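Chemist: The sequence and its predicted three-dimensional model are supplied below.
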Amino acid sequence: MDSDGPELERLSQDECLRLLGSVPVGRIVYTRQALPAVELVNFALTNGDIVFRTDDGGKLGAAIRGAVVAFEADSLDFEQRTGWSVTVVGQCLAVTDADELLRLRGIGLVPWAPGEREHYVRIPPTLVTGRRLASPQLEVTDHARRIG
């Protein structure tokens with residue numbers, strides 16, 4: 001590979017979580033009716049966990065079952081051919097504790113999708129992996145919106 005070209009870097013868990021906290025949208029990958037499903041969700045990273053709101057549909061069903069899911073977020077610069085991708089694997093959990101629900105309602109996580117999305121779902125990271133494709137001269141800036 002040309003030394004002036006992009007370099008592929010494996011990211012530490014801390015860097016993965018920092019980058020994950022810098023974007024508002026990711027993809028949850030779960031099983032729905034024995035088939036893989038991928039859905040875009042806006043989320044917050046709070047106390048190290050991924051949290052999003054949902055309706056009574058498939059994602060909530062996965063959370064109620066405590067299914068193991070994947071969550072992916074990324075940021076790309078198509079012009080520079082650079083970017084990063086972080087994948088988290090963890091158990092999807094419906095938040096039911098009254099005190100925790102009260103705290104989560106206070107973080108300002110507003111669903112982007114239309115309709116009632118009153119259920120909170122959390123994914124505590126069990127496995128975190130990430131890669132960055134970057135030009136040696138470019139710096140990644142942190143626009144973190146960590147909450148918690």
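Modeler: Sure thing, it's come through.
Chemist: Does anything pack onto the helix-or-strand element of the chain with minimal mean pLDDT? Which helices or strands?
Modeler: None of the helices or strands of the chain scores lower by mean pLDDT, DSSP states H and E than helix 58-65, at a mean of 78. In this structure, helix 58-65 makes packing contacts with strand 25-32, strand 35-42, strand 49-54, strand 93-94, strand 119-123, judged by 3 or more C-beta pairs under 8 Å, 6 or more residues apart in numbering; DSSP states H and E. Heads up, the C-betas are built off the backbone N, CA and C, glycines and all.
Chemist: make it 10 Å
Modeler: strand 25-32, strand 35-42, strand 49-54, strand 68-77, strand 82-91, strand 93-94, strand 119-123 (3 or more C-beta pairs under 10 Å, 6 or more residues apart in numbering; DSSP states H and E).
Chemist: CA atoms only: put it into CSV for me.
Modeler: Extracted in CSV, the C-alpha atoms of helix 58-65 (Å, rounded to 0.1, in the frame of the first residue of the first chain):
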residue,chain,number,x,y,z
GLY,A,58,-39.8,-6.2,16.5
LYS,A,59,-37.0,-4.4,18.4
LEU,A,60,-39.0,-4.4,21.6
GLY,A,61,-39.8,-8.1,21.1
ALA,A,62,-36.0,-8.8,20.8
ALA,A,63,-35.5,-6.8,24.0
ILE,A,64,-38.2,-8.6,25.9
ARG,A,65,-36.6,-12.0,24.9
